[in-house]
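K.L.:
next come a sequence and a model predicted from it.
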Amino acid sequence: MAKLGLVCTMLTPENMAIKKAAEAAGAQLSIIRDEQAPFSLHGEPSLSNLDVILARSSSFTRSLYLSRLAEYAGVPTINSSSAQSLCGDKALTSAFLMQKNIPTPKVLLAFSPSSALQAVEQMGYPCVIKPPVGSWGRMVCKISDKHAAEAVVGLKDSLGHYTDKVYYVQEYVDKPQRDIRVFVVGDEVAFSIYRKISETSSSSFITNLNHGGAAEEFSMTDEMAELVHRTASCFGAGIYGVDLIEYPDGHAAVLEVNHAPEFSKSAGEKAGQVAEKIVKFALAKAKK
Amino acid sequence: MNANQIECPDCGGHKALAPQTEVGQLLSCADCGARLEVLSLIPMQIGHAPQIEEDFGE
Ligand SMILES: Nc1ncnc2c1ncn2[C@@H]1O[C@H](COP(=O)(O)OP(=O)(O)OP(=O)(O)O)[C@@H](O)[C@H]1O
Ligand SMILES: [Zn+2]
């Protein structure tokens, strides 16, 4: 049976579900925890002995390194390191989507506080500033006026980390009190949900479930389904969490693409089935 | 303390582990909210879960 590697930082509920599904499928599973041991840059045995790898580190940086090492060792990696490098950086994601003519909100990129403030003025109010790398809605700021812009840009400038000095300034989309998460495995949609602002949400515009947003199953329109398929195929067959955002006129755009999407909260009772689909997809990509 | 009881390394709070608990499983302390991980079952060892870094996410 194929040797399936699960590269991860910790055994999140998703990784536990994948472990269970891999065992049920009879795969020979090895779990590679990214923090627990060093990795050789050439022929690392814990990676090179595998037939296929699911890259599910919580850390984007670690995931990229380990996926590259696995690919150099000839082990198929899901998702590919090239897809991960695009998805893990919102500026690269946006640029890639635009180049592929996939509808996505407008973005300006700036590298200094003064050009960031110019970007905000050019984008108009309200707009959104967010870190190019990061997730779970952290540091996503809606900028409603010049005072807010100056405060956020000033804070980012004083924070010190180099990624805080990359200003990703995005058009604000006046969406309904929700956005859409579509979980794609290969060319199949495993589930699609609305992420809705709820009474317990910690934000009035961030819909993420870890911010108290509520998941609600829904069926995509044909237009949305087509958009999602086109997006996933541009990134290459893989496992993606495609986030859609709806404009007031009803048209949807791709907000971002997640390369190690969570599903334990969003899929609810279907989480086990999602894990089975993931394992099946990975085993089909295994070295023969 | 019973064999399936753990003690939070931060606040000392006690908690019973569910029977199907596995090594590596994540838990959160009901008393202080600390993010914990099961390091071993025999002997029972509990440690802190990996720290969340800025590049963590989906
Ligand atoms: N330009 C925008 N206009 C309106 N809402 C936005 C915009 N950008 C982000 N949001 C909202 O902010 C939240 C987080 O956005 P985003 O997905 O860009 O960040 P993230 O940290 O990568 O989150 P995720 O965990 O979903 O990947 C979502 O609820 C999204 O709908
Ligand atoms: Zn505690």
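P.N.:
Okay, I see it. Numbers count the residues shown, from 1 in each chain, chains lettered A, B, ... in the order given. Ligands and ions are numbered 1, 2, ... in the order given.
K.L.:
so what's the residue of chain B found nearest ligand 1 up against?
P.N.:
Going by CB to the nearest ligand atom, ligand 1 is nearest to residue B:58 of chain B, at 5.0 Å. (Glycine included, C-beta is placed from N, CA and C.) For residue B:58, the contact set (CB atoms under 8 Å, 6 or more residues apart in numbering or on different chains) comprises A:135, A:136, A:241, A:258, A:259, A:260, A:261, A:262.
K.L.:
and chain A, is whichever strand or helix holds residue B:46 touching that?
P.N.:
Counting by DSSP states H and E, the element that carries residue B:46 is strand B:45-48. No. Judged by CB under 8 Å from any CB of the partner chain, strand B:45-48 stays clear of chain A, getting no closer than 10.7 Å.
K.L.:
that strand - contacts with which helices or strands?
P.N.:
With contacts taken as 3 or more CB pairs under 8 Å, 6 or more residues apart in numbering or on different chains; DSSP states H and E, strand B:45-48 sits against strand B:35-40.
K.L.:
the strand it packs on pairs with which strands, and in what direction?
P.N.:
If you go by DSSP bridges, strand B:35-40 pairs up with strand B:26-28 (antiparallel), strand B:45-48 (antiparallel).
K.L.:
now do that strand: distance to the chain's middle.
P.N.:
Computed by CA atoms, centre = their mean, to the nearest Å, the chain-centroid distance of strand B:35-40 equals 4 Å.
K.L.:
just to revisit the earlier point, need the winner for burial among the strands paired with strand B:35-40.
P.N.:
Among the strands paired with strand B:35-40, the stretch with the highest mean neighbour count (mean count of other CB atoms under 10 Å in any protein chain shown) is strand B:26-28, at a mean of 16.
K.L.:
re earlier: mind putting the strands paired with strand B:35-40 into a markdown table with mean pLDDT and distance to ligand 2?
P.N.:
Formatted as a markdown table, those follow (pLDDT from 0 to 100; distance: least, CB to the ion, whole Å):
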| stretch | mean pLDDT | distance to ligand 2 |
| --- | --- | --- |
| strand B:26-28 | 92 | 9 |
| strand B:45-48 | 93 | 10 |
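K.L.:
turn those into TSV, columns for distance to residue A:9.
P.N.:
TSV is the format used below for these (distance: least, CB to CB, whole Å):
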stretch	distance to residue A:9
strand B:26-28	11
strand B:45-48	13
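K.L.:
including distance to ligand 1, could those strands go into a markdown table?
P.N.:
As requested, these are exported to a markdown table (distance: least, CB to the nearest ligand atom, whole Å):
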| stretch | distance to ligand 1 |
| --- | --- |
| strand B:26-28 | 18 |
| strand B:45-48 | 23 |
